[in-house]
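1. no FASTA, just this:
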Ligand code: 9L3
Ligand code: MG
């Protein structure tokens, strides 16, 4: 069983979202950025590494948010809260990043602009932003 860890990075009351470029089913949709936990890594360590690689930011990983989401039989997705320690996100893999408040997040979810797996956390995330 492998895990994918996604980060709810909150800074100044806004949540960081990143727009995926692959695979085709979710290209163009917004996600909490992250990636696979490598063998021997903690979830938090994996998140901190992924966000440095994908966005050039330093974050401190925190508590799990919401429920785990099964992606496939052998892969599950968990979200961790994270605080921005240093840097300004510049995507290397995503096509864009944005910072949203609770209203903007809910509007994007209603418009189907979030990746389906992450939309499960809408109320948890909005709760952190209000
Ligand atoms: N995934 C879903 N929601 C997310 C993240 C970071 C990832 N917030 C899914 C997309 C891929 C798989 O997890 O199917 C692996 O993610 P990545 O390594 O392509 O970012
Ligand atoms: Mg990724």
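-> Looks like it came in fine. Predicted model, so just to flag it, every value in this text is computed and none were measured. Ligands and ions are numbered 1, 2, ... in the order given.

2. ok, residues contacting the top helix by length along the chain?
-> Using DSSP state H, we find that the single longest helix of the chain is helix 43-55. Contact with helix 43-55 is made by 3, 5-7, 9, 18, 33-38, 41, 57-62, 64, 78, 80, 82, 87, 89-94, 97, as judged by C-beta atoms under 8 Å, 6 or more residues apart in numbering. (C-beta placed from N, C-alpha, C; glycine too.)

3. before we move on, what about stretch 118-130?
-> Contacts for stretch 118-130 (C-beta under 8 Å, 6+ apart): 6, 8, 10, 13-15, 30-32, 65-67, 69, 77, 79, 81, 100-102, 105-106, 109, 114.

4. tell me if that stretch is near ligand 1.
-> Yes: using C-beta under 6 Å from any ligand atom, stretch 118-130 reaches ligand 1 at residue 118.

5. same thing with stretch 43-59?
-> No: against ligand 1, stretch 43-59 shows no contacts by C-beta under 6 Å from any ligand atom, the least distance being 7.3 Å.

6. ok, the residue nearest the centre of the chain - contacts?
-> By C-alpha atoms, centre = their mean, the chain has its centre lying nearest to residue 32, at 1.7 Å. With contact set as C-beta under 8 Å, 6+ apart, residue 32 has these partners: 6, 7, 8, 9, 15, 16, 17, 18, 79, 118, 121.
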